[in-house]
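Undergrad: output the structure for:
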Amino acid sequence: MVVSNQLSGPRWGRVFAAWVIALTATLGALFLSEIMGFVPCELCWYQRIFMFPLVFILAVGLATSDVRVFVYALPMVVGGWFVALYHNLLYLGVIPPALQPCGQGPSCAEVNLNLLGFISIPLLSLLAFTAIATLLFIKKGALK
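TA: Residues are numbered from 1 along each chain as shown. Take a look at the predicted model:
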């Protein structure tokens, strides 16, 4: 059995879906801050640091059909996921405000946007990182 080192078929589709999620999250974050005027908190900035490069990492992986794209993208996804998880726990009050890293600027626990009464910006970030990680994990497993 020959294992191809090129992305094709379902593997390419999953990386493309991960790229679409990263692009949507990036454009959404830019829309909220630049158009809607929301000032990102410190944890939001860290999540952006992990999400924004994924657009380019995944795009290069797609353009070159490199099956190792998950190796390059996964550290960014895992780092962003942990920051997003911490942000959600802080936002939900599980982590006490004394452990909040936001010293200046907006509070990391402040409610800026609440879709359908329970979907917050930190939750959207966590869902995006989770979806990308899932797609990359499935892609990695499909290489065998």
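Undergrad: going forward, measure contacts and count neighbours with C-alpha atoms only.
TA: OK.
Undergrad: my read is that Ser125 contacts Ala25, right?
TA: Yes. The criterion here is C-alpha atoms under 8 Å, and Ser125 meets it with Ala25 at 7.4 Å.
Undergrad: mind checking which helix or strand the residue most central in space within the chain is in?
TA: The residue lying closest to the centre of the chain (C-alpha atoms, centre = their mean) is Phe129, at 3.5 Å. Here Phe129, judged by DSSP states H and E, is contained in helix 121-141.
Undergrad: what mean pLDDT does that helix get?
TA: Averaged over helix 121-141, pLDDT sits at 84.
Undergrad: could you tell me how many residues sit around Ile35?
TA: 10 (other C-alpha atoms under 10 Å).
Undergrad: strands along this structure, start to end?
TA: Assigned by DSSP state E, the strands in the chain fall at 114-115, 119-120.
Undergrad: which residues does the nearest residue to the residue nearest to the centre of the chain once chain neighbours are set aside contact?
TA: Spatial nearest neighbour of Phe129, excluding adjacent residues (C-alpha to C-alpha, 6 or more residues apart in numbering): Trp81 at 5.4 Å. Residues near Trp81 by C-alpha atoms under 8 Å, 6 or more residues apart in numbering: 126, 129-130.
Undergrad: out of those, which comes closest to Leu92?
TA: Here the nearest of the contacts of Trp81 to Leu92, counting by C-alpha to C-alpha, is Leu126; it sits at 13.2 Å.
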